[in-house]
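[1] Below is the sequence, then the predicted model.
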Amino acid sequence: MVAANKNFSTTSTTQEYEYPDFVTYTVKDLTLVEAIFKPVLYSIVFTCGLVGNALVLGILIWFKKLTTVTDIYLLNMAISDLLFVFSLPFVIYSIKYQWEFGDAMCKILSAIYYIGFFSSIFFVTVLSVDRYLAIVHVVFSLKFRTVHLGIIVTLSVWACSFLFSLPHFIFHKQDIEKGIKYCTISYSKEQKVTMTLLYLQINVFGLIIPLAILFFCYSRIINNLQNSKSRQKKYAVKLIFIIVAVFFLFWTPYNIVVFLKFLELLGVFNFTLQDLDNFSKQLDSAMGITQTISFVHCCLNPIIYTFAGENFQKHLCRMFSKLLRCVKVNKVCGSFESSVLDRVSSTRESRSSSFTEAVM
């Protein structure tokens, strides 16, 4: 998930083409700032993302009990973010050293990355459609916005995300160059068209189609809420709208770079060989920067819930108060048990001493 700083190259023996990939673990050509900054940033994102999304899961499961369709979608969004978080320790290690986890782990983590990517944007889109139905088509939504349907939609989203990530699982592999192991995407000349389409897939299903759906949903929602006085509706829309806005703020730069890479592979840019090489290097650098930005997103949703969600704040306070009460109870029980043990011990000692005196 660290963008490869690797130029286009051809191996005459295998006839494989290796392009800078969206999800490549490498230590090559890293500047001192990247070698220090990225591991520190990813460590912070890993810690915040793990703790924050675990809290979201806890609140949705134990306090809200997943009673609504929206809760189910929010739960799965947190799981999507945790998929990103899961891969970060491997990224950090590969930046500092090299890829040491084998070919199978390279394929698995690359697939996990894309499952998380697609599921995140799909659940953001589903949440927006859910808000649209609940506000614009109230009567219709009462019949169809059920937990049962929510589960079906959720399973469909995960199935689609898995299918879209499958090509990346197939084409990713561990490679060695100049004694350095790294995880990259590699394919033959005959497979170039297929791999070029994967770049287009990222843009179409990761940005264009979701953006069109979101624009339609929120334009209708805004028109509907202009004359509405329902505070609860406005609060729900505000929360989902912030989630959507933050998602696109952090993922759009990445999609733009992916689209430019797609155009480059098609040969759209009429550059000289040297200019094309420089442009390719700049795209690789931009890919690394935008990927770093996109990774930060996986720890932001819990922060949004905390500051923009009043109900979430209440449940969070309840969770911490229960934890504090448990700690206090454990301390009281511990002190009580220790006092009882002390009493028993002192009683045994007194009995033992009186018995000794009687025998003596």
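    Okay, I see it.
[2] quick one, helices of the stretch 51-200 of the chain?
    Using DSSP state H, counting those that start in this stretch, the helices of the stretch 51-200 of the chain run over residues 69-96, 102-136, 138-144, 147-171, 192-203.
[3] The stretch 201-350 of the chain now?
    Under DSSP H, counting those that start in this stretch, the stretch 201-350 of the chain gives helices at 209-225, 231-266, 273-296, 301-308, 310-359.
[4] my read: Lys64 touches His315, true?
    Yes - Lys64 is in contact with His315 according to C-beta atoms under 8 Å; the separation is 6.9 Å. (Glycine included, C-beta is placed from N, CA and C.)
[5] Could you measure from Leu260 over to Gln232?
    Separation of Leu260 from Gln232 (C-beta to C-beta, to the nearest Å) stands at 43 Å.
[6] ok, these two, which is more surrounded?
    The neighbour comparison of Leu260 against Gln232 (other C-beta atoms under 10 Å) goes to Leu260, with 18 against 7.
[7] From Asn203, how far out is that one?
    Applying C-beta to C-beta, one obtains 10 Å for the distance of Leu260 from Asn203.
[8] Sketch out the low-pLDDT regions of the protein for me.
    Within the chain, the stretches falling below the threshold (pLDDT under 70) are 1-34, 187-192, 233, 236, 271-274, 276, 306-311, 328-360.
[9] domains of it?
    Domain assignment for the chain, taken from automatic domain parsing, gives 9-308, 322-360.
[10] Give me the contacts around stretch 296-306.
    With contacts defined as C-beta atoms under 8 Å, 6 or more residues apart in numbering, stretch 296-306 is touched by 41, 45, 48-49, 52-53, 55-56, 77-78, 81-82, 84-85, 116, 120, 239, 242-243, 246-247, 250-251, 312-313, 316.
[11] now with 6 Å?
    45, 48-49, 52-53, 56, 81, 84-85, 242-243, 246, 250, 312 (C-beta atoms under 6 Å, 6 or more residues apart in numbering).
[12] Name the member of the residues you listed with the shortest distance to Val126.
    Ile243 (11.8 Å; C-beta to C-beta).
[13] Against Leu74, how distant is the closest one?
    Ile243 is 9 Å from Leu74, by C-beta to C-beta.
[14] Who has more neighbours out of the two?
    Leu74 (26 against 21).
[15] What sits closest to that one if chain neighbours are left out?
    Nearest residue to Leu74 in three dimensions, chain neighbours excluded: Leu60, at 6.1 Å (C-beta to C-beta, 6 or more residues apart in numbering).
[16] Near the one you found, how many residues? Count them for me, please.
    23.
[17] Just give me the residue right at the centre of this protein.
    Asp81 (2.4 Å; C-alpha atoms, centre = their mean).
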